[in-house]
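sharing a model that was predicted from the sequence below.
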Amino acid sequence: MKIQSVNIVMTYPVHWSKYQVLRDFTQNFYDAVDHNLWRQNFFYDYMDNSLSMWIKNETFNYEWLMHIGASTKTNNSNGYAGFFGEGFKIASLCAFRDYGWEIQMMSDDWHIDVTEIEESIDQVPVRMLAYKVSTVEKKNETKLVLSNISEHDYDRFKTVLDGFFCPDNPIMGKELWSDKEGAVFLRSKTPINTDLPVTRDYGRKGAVFCAYQMLGTNPFDLVVCLHKYKNEDRERRSLYAFNVIDVFEEIAQYVNPQCAMIMLEKMRRYWNTYSRKNIDIHSWSTTVTMLIMKVAYSPEVRSAFIKKYDNILCLRKVNRISEKNRRWQARAWLAQQEKRYILAKDTFEVLGYPTIEEECDRHGGFVADDNADEIQKRCFMVLEEVCKEVFEGFFEFNTIPERKIITNSRAAYHGMVVTYKKKKQLLNVKGIWIRYDIGKLYLKSEIFAVDGYYDGLSTYVHEMCHSFGGDSSASFSQALTFSTELLMENQESIMRGKYKWNQIFERKAAI
């Protein structure tokens, strides 16, 4: 027997968790066998606080364990068990020094025990990690024995096994696709143990394997495996969210259309996701786009997808005022429909889906634009006079909005406006900024009846409040509140307006 120093001081400032230590010990065996047969070719046993793990028909020379950076994979990837380079040495240091585990390694005709010895550096005594090396009867296997392992540590070891890629991993369900680049599975119902690496933003719903090791999680019921992956930071336990997105983007390049369809279904919450800028590392938009393209590539899969989802409407980006106006009208029409639609990004158009505007137009949901006739003009004038009297200093009346009529009886709303952003904002008497000019104001034709005065007045006031902002803005809501109060305080003006409105229709009836 001889004792050999590994030239690592015992105070070397590296601290691995028990999970990391067990993972690296196990990694050496995993690298030596067929990944698809990992659980059949790797053996382990736990008895009397000792954990043994071994593989058969694989051996190597212990000298590979002597040097940092040395790897039995350097020259021969088939004849040796694992890497046994830095990982084994650092794992041994942490296990021996920090956790008091005894470590024995044996292969072929040699056996080592991890220990420590005292050496001198510049005449200063230091403790160094070392191996006791013995010659034993030759055996065609490689084995590692860890002693002082508690039952909790053994449970942690079994969790470590779930962190390695193989088709019968218990956290993997049905296989969706597999090739040399990677694989995609549905998630099984087996929970992901808390010791396994978790991406903080995504919880433990789905898993992500990189370079055959579980390094993170994803927010879908999927297990995504990217086999060729370089981990730049081995000290980091898990992937960041943007790393997971990168993995999905790369896998999306390789999967077949059938797998792409299922992945797309699992990612439904992101069907209407766009990148907020040219490079958005936190957006799923690119992945969704790539999966859509894969589905479109296969006529059979495309047909199956459309048959299952016959209610998708696409949202193109809108910029011009006219486009925004049509979008507003289409959304208002959509809100009145019994059929439930799914709004999605415009990439879905490649599958044959219409835009929301096309569907609205097909069902006659847009405004049929017309100018006001003489009776309607007089009604408009009554509403304008009441508003000038009640809302003096509240609305701006330098110019009167162009009077327009919604003649489409199927339109979902009674009024709408076309607005233009003011060059210079004004502050009204209630302290609210007037941000927009009202260019056109539409009222539905059915309002212009003898009993339509209150409907017309409330709709007119509602639309005028858009000079402060859009429907969802705080300033619009605030303006509506103040306008309601002003209407309640000016009942006489409102009643005079009703009298004039009624006169219009009395004269009409008399003609």
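The structure has been received and is ready for your questions. Numbering: from 1, shown residues only.

would you mark the buried spots in the lengthiest helix in the chain?
Ranked by residue count and defined by DSSP state H, the top helix of the chain is helix 491-510. Using 16 or more other CB atoms under 10 Å as the test for burial, helix 491-510 gives 493-494, 497, 500-501, 504-505. Just so you know, the C-beta spots here come from the backbone N, C-alpha and C atoms, and that holds for glycine as well.

go ahead and name everything in contact with that helix.
The contact list for helix 491-510, computed with CB atoms under 8 Å, 6 or more residues apart in numbering, reads 375, 378-379, 382-383, 385-386, 389-390, 449-450, 453-454, 456-457, 487.

just flag the most distant two among the residues you listed.
Ile375 and Leu487 (24.3 Å; CB to CB).

who's more crowded, the two?
Here Ile375 and Leu487 are compared on neighbour count by other CB atoms under 10 Å; more neighbours surround Leu487, at 18 against 14.

that one and Glu392, how far apart?
Using CB to CB, to the nearest Å, Leu487 is found at 13 Å from Glu392.

same deal with Tyr274?
With distances taken as CB to CB, Tyr274 is found 44 Å from Glu392.

of the two, which one has the most company?
Neighbour totals were compared for Tyr274 and Glu392, and Tyr274 leads with 16 against 11 (other CB under 10 Å).

distance of the more buried one relative to Lys345?
Applying CB to CB to Tyr274 and Lys345 gives a distance of 6 Å.

now do Ile112
Distance of Ile112 to Lys345, computed by CB to CB: 59 Å.

more neighbours: the two, which one.
More neighbours surround Ile112 than the other of Ile112 and Lys345, with 22 against 19 (other CB under 10 Å).

quick check: beta-bridge partners of the more buried one?
On the basis of DSSP bridges, Ile112 is bridged to Met105, Val133.

do the same with the one 5 residues further on
For Ile117, the beta-bridge assignment (DSSP bridges) gives partners Met128.

could you verify my assumption that it touches Val126?
No: using CB atoms under 8 Å, Ile117 is not in contact with Val126; the gap is 9.7 Å.

the two: who's more crowded?
Ile117 (16 against 13).

which residues does the closest residue to Asp113 other than its chain neighbours contact?
Excluding its sequence neighbours, the residue lying closest to Asp113 (CB to CB, 6 or more residues apart in numbering) is Lys132, at 4.3 Å. Neighbouring residues of Lys132 by CB under 8 Å, 6+ apart: 1-3, 112-113, 115.

at 7 Å what do you get?
Applying CB atoms under 7 Å, 6 or more residues apart in numbering to Lys132 gives the contacts 1, 3, 112-113, 115.

what's the ChimeraX line that selects buried ones from these?
Here is the ChimeraX command that picks out the buried ones among the contacts of Lys132, judged by 16+ other CB under 10 Å:
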select :112,113
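
from the contacts of Lys132, pick the one nearest Val33.
Ile112 (21.8 Å).

hang on, the earlier thing: let me know the closest of the contacts of Lys132 to Lys430.
Thr115 (83.2 Å).

quick one, phi psi at the residue nearest to the spatial centre of the chain?
Against the mean C-alpha coordinate of the chain, by CA atoms, centre = their mean, the closest residue is Trp284 at 5.4 Å. When read as degrees, to the nearest 10, the backbone of Trp284 gives phi -90, psi 0.

quick check: pLDDT value at it.
Turning to Trp284, the model gives it a pLDDT of 95.

do you know how far it is from Gly182?
The separation that Trp284 has from Gly182, given CB to CB, amounts to 18 Å.

picking up where we left off before, between the contacts of helix 491-510, which sits nearest Pro191?
Relative to Pro191, the closest of these is Leu487; by CB to CB it sits at 59.1 Å.

so for the helix or strand where the closest one lies, mean pLDDT?
Using DSSP states H and E, Leu487 maps to helix 474-489. The average pLDDT for helix 474-489 rounds to 95.

with stretch 136-155 instead?
The pLDDT scores in stretch 136-155 average 95.

how far does it stretch from start to finish?
31 Å (CA to CA, to the nearest Å).
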